[in-house]
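Student: Here is the input, now give the coordinates:
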Amino acid sequence: MKEKTRAWPLLVILYVSILSFTGSTLYCLMQIQNATRAMEKYTYDVSWALMQLQLELGRFLNAVEVYHYGGIDHDTLMLRYDILWSRTPILLSGQLRKSMQDKQKTLRLVQLIETSIRQIEPEITQLQSGASDYQQIMMRLAPLQEPLSYSLASVMQKNINIYSENDRYFGQLRNALLLMVSGLVVSVLLLSMLLIYEGRRHFRVARRDPLTGLSNRVALLERMEVYATQEVPFGLVLVDINDFRDINSKFGYDTGDYLLCEFATRIRVLCEEGEWSGRLGGDQFAIIQRGSSDLRQVRELVARLLHALKQDIVYDNYPFRLEVGIGIAFYPMDSDKTQELLSRAEQALFHSRKTHVPYVIYDNSLLNETARRKHLASEMIMALEHNALELYYQPIVNLESGRCEAVEALLRWRHPELGFIPPNEVIMVAEEFQLAERVGSWVLNTACEQLYQWHQLGMVDLQMCVNISPGMYQRNLLKLVAKALMEHHLPARSLVLEVTEDTTMREVKNSLQLMQDLNQQGVQLALDDFGTGYSSLSYLQKLPVSKVKIDRSFIQGIDTSMEASELVANICRMGSMLGKSLVCEGIETQAQLDVLRSLTDIHLYGQGYLFSRPEQAEKIYQTLLEMEGLWLARQQSKMASISC
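Tutor: Predicted coordinates:
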């Protein structure tokens, strides 16, 4: 950017110089043209006409004398007279007369000569050969020759003076013109050099990452094309920093930029001869290993890379340890097309992030997995259009009263060819192919429609819990929720939106604003899978959630481990102190339920296979009726015991 800033003043100066030199050159050319016209006026028009008049006057007088002695006939004499007669009108008319306005003596002399020539016309016409009348003609015209010669000499001298002055002026104009043309040529050359320099600089900038100084994606593809054209095998290693978005959201973009620059420096330093590094964008980097055709070489490169990242990066006295995912593909074994090779390396990188292994080398099984995800994405669109997705429902029970107060809507998809698709895979495909909002909107509307039907059947206190995926967690969620509640005539308090810790904590500021807006609508919020993500008690206090769902991993083992049960008890007590309703997920045995119920000072809710598996709406409705009947029976028993 600094180079660009310095170049602009130079460009302006050169453009101004070119315009100035061009204008000056045109001015010099105009002055030369004017001077040339003046030269022609003085050195050609008047002097030439006077010279011709002098010449013809002498020829006529000579013809008169020769005619007297019989040397020529009368017709020849008249021809010479006519020629002489025609010379004076040229000087006395048009532009030549204007040119002689400053030569009054010459003008009067020409007028006198014309008058004399006109007056002798009768005498010339009647003149006889041998007659003495010719002397009168000679006496009238011959005296005019000398004044005419003086006038011609005067005009010629004046023309010479003017020519000398113009010659000096021409010299000055030539020098000025030479200077202007030289300046113009130099300016054009400098401008051309500057444009070439800027073009080369822009060419380099277009292939250079401005933050890290590494080559960018364009340079990467060009380098790959060069190697492919030369038929040189190479290994392509893609590196991605895990959870880098969380660093930006928690510590700020300045910290993220510093870490990227330090990361780029370490990659640049570890590269040896025949290895080339670049940044593809965001937190993704690439290394090309020229001549790499076996696993040994690339594994040695990966080992160097992982070793370089072992040391923490310290910024503002805070140590950062970057974990990475690595995807590897080989040319030409995995593909002989550079774009396709890059895509396959990205597939390996995606699998590395998904499975949390240090690095993944591409093979055809990954291609099959990618093809499966693409196929599922296209089939998901058809499933949404034909309502082929399903919702299953699982009860959420008040552990104190035993009454079912809510159900959670769980997405299910039974593909006609691939069979049951796990919910996690459904969400992953929807997020990857930007279908999360459509899927989430379908889930929200279907769940609200089902809840409205149950309300009509008498379960007016029942709440519906709907999971919100990360791709749906945005400002548009407000409109979707308001529209679903309005279309299905549901009170806002009957809807509970469940968000995971990862989704909520990714951008805390935006999450807070969105949650506050949903709360203002009257919608309740629940924090799902508490304890498995990034949240802390301080954030839990700030987040406007009414319910906290404790992950099933904490519930397992509470009936056999005192430490596990005490941990759950402490979590429940802290959540209760913060005023949150607590839901324990994954209750599968009566022993686990008994442990949770032993926490008599804490009001808990439970969810799990012990109460009911997720079922379709018709079957879960029967379960809800049974649970409601048991609750009513207990209530009647309590009332009876109290009355006794």
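Student: and L236, that's in a helix?
Tutor: No: using DSSP: H, G, I helix; E, B strand; the rest coil, the assignment for L236 is strand, not a helix.
Student: C-alpha coordinates for the host helix or strand of L79, CSV please?
Tutor: Assessed by DSSP states H and E, L79 sits inside helix 74-91. Output in CSV follows, covering the C-alpha atoms of helix 74-91 (Å, rounded to 0.1, in the frame of the first residue of the first chain):
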residue,chain,number,x,y,z
HIS,A,74,4.2,44.5,-84.8
ASP,A,75,2.3,41.5,-83.4
THR,A,76,5.3,40.5,-81.4
LEU,A,77,5.7,44.0,-80.1
MET,A,78,2.0,44.0,-79.0
LEU,A,79,2.5,40.7,-77.3
ARG,A,80,5.3,42.2,-75.2
TYR,A,81,3.1,45.2,-74.4
ASP,A,82,0.2,43.0,-73.3
ILE,A,83,2.5,41.0,-71.0
LEU,A,84,3.8,44.2,-69.5
TRP,A,85,0.3,45.6,-69.2
SER,A,86,-0.8,42.5,-67.2
ARG,A,87,1.9,42.9,-64.5
THR,A,88,0.8,46.0,-62.7
PRO,A,89,-2.8,44.8,-61.9
ILE,A,90,-1.2,41.9,-59.9
LEU,A,91,0.6,44.4,-57.6
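Student: Any idea how far it is from the middle of the chain?
Tutor: 87 Å (CA atoms, centre = their mean, to the nearest Å).
Student: Sort out which residues of it are buried, please.
Tutor: The neighbour-count check on helix 74-91 (16 or more other CB atoms under 10 Å) flags 77-78, 80-81, 84-85, 87-88, 90-91 as buried. To be clear about C-beta, it is placed using only N, CA and C from the backbone, and glycine gets the same treatment.
Student: would you turn these into TSV with pLDDT?
Tutor: Formatted as TSV, the buried residues of helix 74-91 follow (pLDDT from 0 to 100):
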residue	pLDDT
L77	83
M78	88
R80	86
Y81	85
L84	84
W85	85
R87	80
T88	79
I90	74
L91	72
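Student: any idea which of these is the one closest to I421?
Tutor: I90 (109.7 Å; CB to CB).
Student: Name the nearest residue to the closest one, ignoring sequence neighbours.
Tutor: Closest residue to I90 apart from its sequence neighbours, by CB to CB, 6 or more residues apart in numbering: A49 at 5.3 Å.
Student: quick one: contacts for L50?
Tutor: 91, 106, 110, 148, 151-152, 155 (CB atoms under 8 Å, 6 or more residues apart in numbering).
Student: And the pLDDT at it?
Tutor: Here the pLDDT value assigned to L50 is 79.
Student: Would you mind naming the helix or strand containing it?
Tutor: L50 belongs to helix 46-68, assigned by DSSP H and E.
Student: Buried residues, that helix. List them.
Tutor: Neighbour counts over helix 46-68 (16+ other CB under 10 Å) mark 46-47, 49-50, 52-54, 56-58, 60-61, 63-64, 67-68 as buried.
Student: Could you do stretch 396-414 as well?
Tutor: Buried, per 16+ other CB under 10 Å, within stretch 396-414: 396-399, 403-404, 406-411, 413.
Student: same deal with stretch 629-640?
Tutor: Neighbour counts over stretch 629-640 (16+ other CB under 10 Å) mark W631 as buried.
Student: now stretch 449-469
Tutor: 450-452, 454-455, 459, 462-469.
Student: which one of the buried residues of stretch 396-414 is nearest T265?
Tutor: Scanning the buried residues of stretch 396-414 for proximity to T265, where the rule is CB to CB, the winner is L411, at 44.9 Å.
Student: OK, contacts around the closest one?
Tutor: L411 sits next to 389-392, 423, 426-427, 439, 443, 467 when contact means CB under 8 Å, 6+ apart.
Student: Closest one to T589 out of the residues you listed, please.
Tutor: Looking across the contacts of L411 and measuring by CB to CB, the closest to T589 is Y392, at 21.8 Å.
Student: just so I have it, where are all the strands in the stretch 251-400 of the chain?
Tutor: For the stretch 251-400 of the chain, the strands defined by DSSP state E, counting those that start in this stretch occupy 275-281, 284-290, 313-315, 318-320, 324-331, 359-361, 390-398.
Student: Shouldn't Y605 be within a strand?
Tutor: Yes: judged by three-state DSSP, Y605 forms part of a strand.
Student: re the thing from before, JSON lines please, covering the buried residues of stretch 396-414 and showing pLDDT and distance to Q31.
Tutor: As requested, those are exported to JSON lines (pLDDT from 0 to 100; distance: CB to CB, whole Å):
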{"residue": "I396", "pLDDT": "95", "distance to Q31": "99"}
{"residue": "V397", "pLDDT": "94", "distance to Q31": "105"}
{"residue": "N398", "pLDDT": "92", "distance to Q31": "105"}
{"residue": "L399", "pLDDT": "91", "distance to Q31": "106"}
{"residue": "R403", "pLDDT": "90", "distance to Q31": "107"}
{"residue": "C404", "pLDDT": "93", "distance to Q31": "104"}
{"residue": "A406", "pLDDT": "95", "distance to Q31": "97"}
{"residue": "V407", "pLDDT": "96", "distance to Q31": "98"}
{"residue": "E408", "pLDDT": "95", "distance to Q31": "94"}
{"residue": "A409", "pLDDT": "95", "distance to Q31": "92"}
{"residue": "L410", "pLDDT": "94", "distance to Q31": "93"}
{"residue": "L411", "pLDDT": "93", "distance to Q31": "88"}
{"residue": "W413", "pLDDT": "91", "distance to Q31": "89"}
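Student: Now tabulate the residues you listed in a markdown table and tack on distance to S343.
Tutor: A markdown table is the format used below for the buried residues of stretch 396-414 (distance: CB to CB, whole Å):
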| residue | distance to S343 |
| --- | --- |
| I396 | 44 |
| V397 | 49 |
| N398 | 52 |
| L399 | 51 |
| R403 | 54 |
| C404 | 49 |
| A406 | 44 |
| V407 | 43 |
| E408 | 38 |
| A409 | 36 |
| L410 | 34 |
| L411 | 29 |
| W413 | 27 |
